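**Q** let me see the structure of the following:
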Amino acid sequence: MDDIKAKEEGGMKMGKNKMKTNRSAAKRFRVTRNGKVMRNHAYAWHKTGKKRRSTLRRLKRKGQVSAAEKERVLRLLGMK
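**A** Predicted coordinates:
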């Protein structure tokens, strides 16, 4: 009954709000099956001619988010 009134009045029925995933965080971070939060390294893609090959190989590998930042990143991803 209330649903019909809400539709007729042009309003929305109020209920539980879903949390939205932060899309910029979703593109930057990945969560593994074991719960690790992985990230890309900084300084890996610009001015690569000056950097050693070993440095570039190391920067291309994924890094793990620190324990201090992990809770905040998981909240942005909608997992906490």
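**Q** residue 56 is in contact with residue 48, isn't it?
**A** Yes: between residue 56 and residue 48 there is a contact at 6.0 Å, judged by Cβ atoms under 8 Å. To be clear about C-beta, it is placed using only N, CA and C from the backbone, and glycine gets the same treatment.
**Q** would you say residue 25 is within a helix?
**A** Yes: counting by DSSP: H, G, I helix; E, B strand; the rest coil, residue 25 is located in a helix.
**Q** okay but it is in contact with residue 72, surely?
**A** No: with contact defined as Cβ under 8 Å, residue 25 does not count as touching residue 72 (9.4 Å).
**Q** quick one: the strands in this structure, in order.
**A** 30-31, 37-39, 63-64 (DSSP state E).
**Q** can you redo these as JSON lines with distance to residue 17 and mean pLDDT?
**A** Shown next, in JSON lines, are the strands of the chain (distance: least, Cβ to Cβ, whole Å; pLDDT from 0 to 100):
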{"stretch": "strand 30-31", "distance to residue 17": "23", "mean pLDDT": "97"}
{"stretch": "strand 37-39", "distance to residue 17": "25", "mean pLDDT": "98"}
{"stretch": "strand 63-64", "distance to residue 17": "32", "mean pLDDT": "97"}
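**Q** need those in TSV (columns: distance to residue 20).
**A** Conversion of the strands of the chain to TSV gives the following (distance: least, Cβ to Cβ, whole Å):
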stretch	distance to residue 20
strand 30-31	17
strand 37-39	19
strand 63-64	25
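**Q** just name the most buried of those strands.
**A** strand 37-39 (a mean of 17; mean count of other Cβ atoms under 10 Å).
**Q** against which helices or strands is it packed?
**A** Secondary-structure packing of strand 37-39 (3 or more Cβ pairs under 8 Å, 6 or more residues apart in numbering; DSSP states H and E): strand 30-31, strand 63-64, helix 67-76.
**Q** for residue 44, which of these is the nearest?
**A** Of all the helices and strands packed on strand 37-39, it is strand 63-64 that lies closest to residue 44, at 10.3 Å by Cβ to Cβ.
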